[in-house]
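# no sequence on this one, just coordinates:
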């Protein structure tokens, strides 16, 4: 027999306190604690506000400093994420021709896919070097 244990309020509070008391073990934060001052003003006129340009509440927030810190591991993680996003964007332009068949047994279809991808790059470069395209881009830059 399988029993499903439903945590009650006391056990959940105990669990959360235990996790919070552990502190920053295993965590690396980018943004350190920030101090700020906020000033809230309320427009208390006797007449009602008829204009949308006059705010009823005005709030101004001033931040002293926003300390940002990156460790080496965080920096490496950001760089690898950006590389994978770049590769994803690069591969996305060829998705429209990608065959839905497996590579094994469908070599002809996959070779056609490879040729189409390369020919598309050649067509784009030739299209950009035509006088019509050059004049069109020059007109767009001037206007």
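Everything's here; your move. Just so we're clear, the structure is a prediction, and the values are computed from it rather than from any experiment.

# And for residue 125, the neighbour number?
9 (other Cβ atoms under 10 Å). Heads up, the C-betas are built off the backbone N, CA and C, glycines and all.

# Residue 110 versus that one, what's the distance?
Separation of residue 125 from residue 110 (Cβ to Cβ, to the nearest Å) stands at 24 Å.

# Residue 59 too?
According to Cβ to Cβ, residue 59 and residue 110 sit 60 Å apart.

# now residue 88
Counting by Cβ to Cβ - residue 88 and residue 110 are separated by 21 Å.

# Of the two, which one has the most company?
Legend: neighbour count by other Cβ under 10 Å for residue 88 and residue 110, higher for residue 110 (15 against 9).

# Quick check: the more buried one touching residue 98?
No: using Cβ atoms under 8 Å, residue 110 and residue 98 do not qualify as a contacting pair, with a distance of 9.3 Å.

# Give me the mean pLDDT for stretch 129-143.
What stretch 129-143 shows for mean pLDDT is 82.

# what's the offset of that stretch from the middle of its chain?
Relative to the mean C-alpha coordinate of its chain, stretch 129-143 is positioned 33 Å out (Cα atoms, centre = their mean, to the nearest Å).

# residue ranges with poor pLDDT in this protein?
Residues of the chain meeting the criterion pLDDT under 70: 1-10, 12-13, 16, 19-27, 49, 143.

# Which parts of it are helices?
9-21, 72-92, 107-128, 131-142 (DSSP state H).

# Return the distance of stretch 115-127 from the chain's centre.
The answer for stretch 115-127 is 30 Å, by Cα atoms, centre = their mean.

# List the buried residues in it.
Buried positions in stretch 115-127, judged by neighbour count with 16 or more other Cβ atoms under 10 Å: none.

# can you pull the contacts of the most far-flung residue of the chain relative to its centre?
Most distant residue from the mean C-alpha position of the chain: residue 46, 46.7 Å away (Cα atoms, centre = their mean). Listed by Cβ atoms under 8 Å, 6 or more residues apart in numbering, the contact set of residue 46 is empty.
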